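[1] Below are the sequence and a predicted model; questions follow.
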Amino acid sequence: MASAPDTTTAQKPRIAVVFPGQGSQVVGMTAELAELYPEIRDTFAEASEALGEDLWAICQDEALLNQTQYTQPALLTASMAIWRILQRKLDKAPHYLAGHSLGEYSALCAAGVISLPDAVRLVHQRGQLMQDAVVGIETAMAAVLGLEDNRVQTLCEQATEHVDDAIVDAANFNSPGQVVISGNAIGVSAVIDKVQNTGKKAIPLKVSVPSHCALMAPASQALSEALAAIQFDQATIPVIQNRHARVETSAQGIKQALTEQLSEPVLWSKTMQELADKQITILIECGSGNVLSNLAKRQAQPIPSYPVDKPARMDKLLEVLS
């Protein structure tokens, strides 16, 4: 009698881990996991020593946590702490990694491209450079809902061209029908007015710096110099980067993508489509909150996504994988 075909391989999930960016921080993030998993406190201790700041204490202080130069290393550390739990819990490494904006640094750290001490120092400096780039400038960001990507881009171009002193760009292409715009207050306000005239919504966002727009050009140049001084190793897991929604393999290519990412848009919808095209069947959101899991539901080809920032959520993922 012929044996039944082996379907084990077909049934195994194809996993990608995604890391959230700035805006996902919450006071006390990872505290519940810390009660069960020593990796949390150990990772925060390692990162705090490298930075010379008590990142665990910063995560308990809302005012400090929302300062960009602290938000970025705190979020990266939270993501890496959870990643270390996943490394122990997963049967094998994920097929791909990706991170939204700041989260890309977490992804590269998880892939072994950059060490945790170097990564926390780098994103701390990145946050400072971003703040320094807009000193004395009134800035803003807003989420535009219900318009196609190219329509939002056109509205930004029109505002920049026709409104005096306006600077505004499409910053994050998050999902179909959700684009974040970024720039100075004059430019963002002009686009909000244009969006509302179409009958669609534009929601102002509470942020301290306007990421991924022309105002970040000085920070991008300075970041390039900082990146040049850091050793990047070969990735152990492919990382799809924001700049072109593709995997860069050389250290030079990765650094160039990170440099350009600061003033260019996050192509998150394209990144999610790339993962769908690569037959990814499960996303794991490794960091604070569930922003990326919510965005995953709105993609053209949704992939089931599981946040793991709390014990109950971690247990649910492990149950699904078992």
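    Structure received.
[2] Look at the closest residue to A257 other than its chain neighbours and say how many residues are nearby.
    Spatial nearest neighbour of A257, chain neighbours left out: R243 (4.0 Å); criterion: CB to CB, 6 or more residues apart in numbering. In short, each C-beta sits where N, CA and C put it, glycine included. Neighbour count of R243, defined by other CB atoms under 10 Å: 20.
[3] now swap in G28 and tell me
    12.
[4] any idea where the strands of the protein begin and end?
    Ranges of strands in the chain, per DSSP state E, are 15-19, 96-99, 139-145, 168-175, 178-184, 201-205, 239-241, 246-247, 282-285, 305-307.
[5] Could you list the domains of this structure?
    According to automatic domain parsing, the chain comprises the domains 13-133+215-321, 139-208.
[6] okay, the ones you listed in CSV with mean pLDDT next?
    Listed next are the domains of the chain as CSV, based on pLDDT from 0 to 100:
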stretch, mean pLDDT
domain 13-133+215-321, 97
domain 139-208, 96
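[7] Quick check: which of the strands of the chain is nearest to K270?
    strand 168-175 (7.1 Å; CB to CB).
[8] counting contacts, what elements does the closest one pack onto?
    helix 149-162, strand 178-184, helix 185-197, helix 268-277 (3 or more CB pairs under 8 Å, 6 or more residues apart in numbering; DSSP states H and E).
[9] Identify, by residue count, the longest helix of this protein.
    What stands out as the longest helix in the chain, according to DSSP state H, is helix 68-89.
[10] what comes up buried for that one?
    Within helix 68-89, the residues scored as buried using 16 or more other CB atoms under 10 Å are 68-86.
[11] The strands of the chain into TSV, with extra columns for mean neighbour count?
    Putting these into TSV (neighbours: other CB atoms under 10 Å) gives the following:
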stretch	mean neighbour count
strand 15-19	28
strand 96-99	28
strand 139-145	20
strand 168-175	24
strand 178-184	26
strand 201-205	15
strand 239-241	24
strand 246-247	17
strand 282-285	24
strand 305-307	22
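[12] most neighbours per residue, which of the helices and strands packed on strand 168-175?
    Comparing the helices and strands packed on strand 168-175 by mean neighbour count (mean count of other CB atoms under 10 Å), strand 178-184 comes out on top with a mean of 26.
[13] could you check the angle helix 149-162 makes with that one?
    20 degrees (axes from the mean of the first three to the mean of the last three CA atoms, to 10 degrees).
[14] helices or strands next to strand 178-184 in the packing?
    Counting by 3+ CB pairs under 8 Å, 6+ apart, strand 178-184 packs on strand 139-145, helix 149-162, strand 168-175, helix 185-197.
[15] gap between the shortest one and the chain center?
    Meaning strand 139-145. 17 Å (CA atoms, centre = their mean, to the nearest Å).
[16] Adjacent strands (with direction) for it?
    Applying DSSP bridges to the sheet, strand 139-145 is found paired with strand 178-184 (antiparallel), strand 201-205 (antiparallel).
[17] Which residue lies nearest the spatial centre of the protein?
    Compute the mean C-alpha point of the chain, and by CA atoms, centre = their mean the closest residue is H100, 2.1 Å away.
[18] Can you name the residues that contact that one?
    Going by CB atoms under 8 Å, 6 or more residues apart in numbering, H100 touches 18-21, 172, 242, 266, 268, 291-292.
[19] hmm, try it at 6 Å
    Counting by CB atoms under 6 Å, 6 or more residues apart in numbering, H100 makes contact with 20-21, 268.
[20] Quick check: chain neighbours aside, which residue is closest to it?
    Nearest in space to H100, with sequence neighbours left out and distances taken as CB to CB, 6+ apart, is G21 at 4.2 Å.
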